[in-house]
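> Need a 3D model of the sequence below.
(chains A, B and C)
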Amino acid sequence: MSGHTTNLRLKLPLICVFLQLLTILLFAVFVCYDNQTNAKLWHEELKLHNKSHLDNEFYLRYPSFQDVHTMIFVGFGFLMTFLKRYSFSSVAFNFLIAAFAIQWSILTQGFFHSFHHGKIYIGIESMINADFCTGAILISFGAVLGKTSPIQLLLMTWLEVILFAVNEHILLDILGAKDAGGSMTIHTFGAYFGLMMSRVLYRPHLDKSKEREGSTYHSDLFAMIGTIFLWLFWPSFNSAIAAHGDDQQRTVMNTYFSLAASTLATFATSALVNAGGKMDMVHIQNAALAGGVVVGTSGEMMLTPFGAMIAGVLAGFVSTLGFKFLTPILASKLKIQDTCGVHNLHGMPGILGALLGVLVAALATHDTYGEGMTDVFPLVADGRRTAAYQSVCQLIGLCVTLGIAVIGGSLVGFILKMTCLGSPPDTQCFEDQIYWEVPENHHDGFQCLEAAKELDRETVA
Amino acid sequence: MSGHTTNLRLKLPLICVFLQLLTILLFAVFVCYDNQTNAKLWHEELKLHNKSHLDNEFYLRYPSFQDVHTMIFVGFGFLMTFLKRYSFSSVAFNFLIAAFAIQWSILTQGFFHSFHHGKIYIGIESMINADFCTGAILISFGAVLGKTSPIQLLLMTWLEVILFAVNEHILLDILGAKDAGGSMTIHTFGAYFGLMMSRVLYRPHLDKSKEREGSTYHSDLFAMIGTIFLWLFWPSFNSAIAAHGDDQQRTVMNTYFSLAASTLATFATSALVNAGGKMDMVHIQNAALAGGVVVGTSGEMMLTPFGAMIAGVLAGFVSTLGFKFLTPILASKLKIQDTCGVHNLHGMPGILGALLGVLVAALATHDTYGEGMTDVFPLVADGRRTAAYQSVCQLIGLCVTLGIAVIGGSLVGFILKMTCLGSPPDTQCFEDQIYWEVPENHHDGFQCLEAAKELDRETVA
Amino acid sequence: MSGHTTNLRLKLPLICVFLQLLTILLFAVFVCYDNQTNAKLWHEELKLHNKSHLDNEFYLRYPSFQDVHTMIFVGFGFLMTFLKRYSFSSVAFNFLIAAFAIQWSILTQGFFHSFHHGKIYIGIESMINADFCTGAILISFGAVLGKTSPIQLLLMTWLEVILFAVNEHILLDILGAKDAGGSMTIHTFGAYFGLMMSRVLYRPHLDKSKEREGSTYHSDLFAMIGTIFLWLFWPSFNSAIAAHGDDQQRTVMNTYFSLAASTLATFATSALVNAGGKMDMVHIQNAALAGGVVVGTSGEMMLTPFGAMIAGVLAGFVSTLGFKFLTPILASKLKIQDTCGVHNLHGMPGILGALLGVLVAALATHDTYGEGMTDVFPLVADGRRTAAYQSVCQLIGLCVTLGIAVIGGSLVGFILKMTCLGSPPDTQCFEDQIYWEVPENHHDGFQCLEAAKELDRETVA
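So this is what the prediction gives:
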């Protein structure tokens, strides 16, 4: 049990205080309201450019932001409550690391995207981008759920947010790749980062906690709250930072159809692969969402509604098969214990989505996009590159993402191996009681059964 | 037990694949982005008509769409989780048939509403209308909940979506009736369609599953998630496709007041009709929503806030009485087993709402509506009909809706009687385990009690 | 047990009908659609002022309204479901009194804010303000949760809504204080009003219901639904009635950062104060929200992001300490039994927020705000008062709020002491069964355990 002191009484406050104070300090030095958020600057802009308040990005982006925000905190948070004895930790650690990640990523993304004259200028788009980066962190969290302490998770967040910003900068700013909904930057990156951490943190004796790795009836229902909110706001996720007008509307529509199609594919595949034709809630909770992941890159492009549906069907099918057949193999052969199956929901559909982006970019013509090409492929529109070259850049973007995720995840995994970080022992994984004050009688029927047995023993005696 | 093979291993994948491929095929042939969603067309419109991106309908309609979307997937989905052993099926079959219905109704509604030169042009309003049609399907689902297989439900969806589009076309396009929030097209149609199906599928021995027809403490709370989300987004539902400006704002306000008033009426009536003055969660979960249904037609009209309140009180009162007194009679005398009480929440309040529309239309004057008449009653505004004639058309609309719903529901009911559709036997209604892999210990205390009894038997032995 | 007839069969219908009919009557006499909601008036405005539908406040305010609405009904409603045997009452009484409060406060606020020529003109802002007032009522409800009947709660709502409007009128209209997010008018007012009621209604023998005052595992998860929705929509709450443009965007951003920082502070403090470093869900459920309360006044000001973070850290820290150390003292020494700990979440952070407003107002300069001063401090902008004087007015506003809340809460408390109001006896507090039809086997494992014991007794016999 040595090396596994899970008492966080001093460690957790220390790391929280350290990270929060560091953030406050850096914000004080670097971060300013942008010209739409600053009282003086916005009113100057109103005057000088004869604008109206309606031109403030707030009115164009805030509803999308709130949908994304709901996905991050409700969607991811509740999706992971499916474990029978780890629901407190799932929803609360999700809350903790997301609350830190949104602050920290404003800084790291700001240094790359909006650093002018020594200051980072932030507005509503910075908040959406911060929530996006947080999404990637929470995907990685899903791979190591139940096997890591909140201290490890905060450390992971601190480092992964930096690498996320580096990768995103390379893809969007250097390669000029398009990835509005983050098939590459968010899903592929988050998934393979998390899987590599899980590989490095491999626990050969995790079966000692096997009985806690399942769900209960009601924990599965709590998880469905997460699923449904993720599913229904995914069109907002993919479109939140797309260009105004047709781009946002098209992205929403493509995502809407892709998700609907992947839902049918998931139900079909789930019934097909299970004995007796019984469906599995794990598949519904996860694979039905693959349709959102798979159009993350191409959603803003002229994918056509039926194209989106085909992508969705494929993603739902592959993802469900992954849960049934691939996850056990990953654990036994590759020593990757993927608690939430992020490889199936984010990894494979993310790669598929990136490849779909490669394909749809290659097919772009001025005839199809018209003047709208400026928004979707600005470098193609102004003649600096061909559609084919754009397509190649998309492919390179995928490779870069995989490279940074795999290397970064491994390195962070090794750092998290430090014994002083409060990691649970193999016998206490997926267990809230090591970190939480848990009410008595907390597991539906479980302790009651124990009590019944106890009574029984007394009776017999 | 013959005729009740509930193993779906081949059937469910087959029907899902068939319906999804058919949809994709028809989309490929017929469906295009409209001129606000297509990159080229929207940018041409920007130029030719000197428009700004803010003029894109996306910014005027998307927040309403997302509220409606939340109602369909979270609201309806969780409202039906109240059954103690059928929560997986409730939320997941809701998910499945809604995911299919939104795709299929884009086609059927598109053929009637936006079919030009051999193509269906779709945008954000098509998505709202698709979600609306889905609402009607889910209401019908409520009437047969727990007694039908997902295959029957998909078949029902396939056919009902077509009849919905026919009925809507007759009402809105031919009769020129107004029904922005769907008191007639959605609630009355969905309810009586479902009730007639339930009548045809009558199970004389349903009492064999009686012990599963109740709720548990926590399943009632999950249902309240559905109720509250339906309740609070209902103003968006009724206003989502109302005309811009005053129409949308007025519809929201009328619905807000009607719902608030129906909530007080529901609590009052629930305490009054129950022995000991104890309230019943079933009433709160359902009847409090009747205020939204009852202003579905008249919400966009100059109903006045106090008029909306009176309507709400009436709806909440009638709906609660229905749950207490009418539902048992429907089951015993008319052989209509209405699992979710859709007659009380959607049927009677829908008819009331249609009649309220008849009344408020008759009272419309140019003095009250001014130029706004063009949006609310365009045919009255341009002198093609009088307010009295508009009122008559509203009434005919109600009759047509009832006719198509009753005949359509009966026909579909007979089709669903085919024995090969995986319907559960009378002894296994309201039971997840026939279609789902269910975790052990899944019913709060239930299996624990069994276990305790078991232990006890052993002890005695 | 005399004086504790909890049978509501006649009383609850009577008070509901009385309040609803009174409201309808007053609405019929006084309330009209405003010029953006009335069909005729809006179309006149379109013509006369050459406006477009986009200028209708609906498009600028409705998404914020819906977020606030979600907080009131889902957020507050589920936050209070944490009690093991009082979840029905928590979510449903929240629903009932909120449904009444939004109607009643339209009237009381309307008399002070928009009463012209004998009529109250209402639109989308009236609905937001009504929801805000309802927030204060629900905070007071939290202090007396589980110890009051729905009749007492409706009576409380009736009276508190009036006093809320008086206090708000004094602060905003007479003193010219700023309080867009309601640190004073909503949180401080609601909390101290509720605490004084709780003091007057002190129950020396409440320990007879002690065993029901805890939570179960899943009731804590239901409460987290409330927490997360409150947390994520709080930026909309604080900004919903802020001035257009930069003001709304800045308020959102400040609230976003303050909440994130208070979340880290809450986790840190929770682990620090508990034995074994185990965290407590009660802290996470509540104190993480203090960051939203603390910037309720200053959120629209030029607080700077790092200033918002410092405020959030302080609020999360103080709030968590309050739950751990102050709540027991309040109960034992001051005889204030604060069921939900509203003093920690709304009381202290509310006062802190008001004082922060005093400070930030004092620091306001024309150099920082530019022309934007007109929106934030109109009286300073047009030279009628200095920033220092504005700051003093803010402080007076806090004192007035505390005074009215303390006196009002005490008075209402005495009124609620009337024995005929259906209050539960000390032995039946925090118990749904006195007001609700509750399904059997309703408490996870509880009745099962009873059943096991019963079986056991039989066996022995």
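> Can you list the low-confidence ranges for chain A?
A:1-4, A:441-461 (pLDDT under 70).
> how about A:Gly182, what does it touch?
When the contact criterion is C-beta atoms under 8 Å, 6 or more residues apart in numbering or on different chains, the partners of A:Gly182 are A:Phe132, A:Gly135, A:Ala136, A:Gly296, A:Thr297. The way it works is simple: take the backbone N, C-alpha and C, and place the C-beta from them, glycine included.
> Give me the buried subset of these.
For those, a neighbour count by 16 or more other C-beta atoms under 10 Å in any protein chain shown gives the buried set as A:Phe132, A:Gly135, A:Ala136, A:Gly296, A:Thr297.
> Hmm, A:Ser183 and the third one touching each other?
In other words, A:Ala136. No - taking contacts as C-beta atoms under 8 Å, A:Ala136 lies outside contact range of A:Ser183: 11.6 Å.
> nearest to A:Leu96, of the buried ones among the contacts of A:Gly182?
A:Gly135 (15.5 Å; C-beta to C-beta).
> excluding its backbone neighbours, what's nearest A:Ser87?
In space, not counting the residues next to it along the chain, A:Ser87 is nearest to A:Thr81; the distance is 4.0 Å by C-beta to C-beta, 6 or more residues apart in numbering or on different chains.
> Which parts of the stretch 251-400 of chain A are helices?
A:281-287, A:290-294, A:305-321, A:327-332, A:342, A:348-362, A:366-369, A:373-376, A:378-381, A:387-416 (DSSP state H, counting those that start in this stretch).
> Out of those helices, flag the one nearest B:Gly409.
For the helices of the stretch 251-400 of chain A, the distance to B:Gly409 is smallest for helix A:281-287, at 28.2 Å, taking C-beta to C-beta.
> Now that closest one: buried residues?
Of all the residues in helix A:281-287, those buried under the rule 16+ other C-beta under 10 Å are A:Met281, A:Val282, A:His283, A:Ile284, A:Gln285, A:Asn286, A:Ala287.
> and what of stretch A:333-341?
For stretch A:333-341, burial by neighbour count (16+ other C-beta under 10 Å) applies to A:Ile336, A:Gln337, A:Asp338, A:Thr339, A:Cys340, A:Gly341.
> In the stretch 251-400 of chain A, what residue comes closest to chain C?
A:Val252 (15.3 Å; C-beta to the nearest C-beta).
> my guess is that residue meets A:Asn238, correct?
Yes - when contacts are counted by C-beta under 8 Å, A:Val252 is listed as touching A:Asn238 (7.5 Å).
> which ones are touching A:Gly350?
So A:Gly350 contacts A:Ser183, A:Met184, A:Ile186, A:His187, A:Thr188, A:Ala191, A:Val293, A:Gly296 (C-beta under 8 Å, 6+ apart).
> likewise A:Asn129?
A:Ser105, A:Gln109, A:His113, A:Ile241.
> Helices - which of those residues land there?
Those of these mapping onto helices are A:Ser105, A:Gln109, A:His113, per DSSP state H.
> surely the first one meets A:Val161?
Read it as A:Ser105. Yes - taking contacts as C-beta under 8 Å, A:Ser105 lies within contact range of A:Val161: 4.8 Å.
> Now do the shared contacts for these two.
By C-beta under 8 Å, 6+ apart, the residues touching both A:Ser105 and A:Val161 are A:Cys133.
> Tell me the spacing between the closest residue to chain C within the stretch 101-250 of chain A and chain B.
Among the residues of the stretch 101-250 of chain A, A:Gln103 lies closest to chain C, at 5.1 Å counting by C-beta to the nearest C-beta. According to C-beta to the nearest C-beta, to the nearest Å, A:Gln103 and chain B sit 26 Å apart.
> same question, A:Gly357
For A:Gly357 relative to chain B (C-beta to the nearest C-beta), the value is 16 Å.
> residues in contact with that residue?
Counting by C-beta under 8 Å, 6+ apart, A:Gly357 makes contact with A:Ala177, A:Lys178, A:Asp179, A:Ser183, A:Met184, A:Thr297, A:Ser298, A:Met301, A:Gln394.
> What is the most widely separated pair among the residues you listed?
Longest distance between any two of the contacts of A:Gly357 is 14.2 Å, between A:Met184 and A:Met301; criterion C-beta to C-beta.
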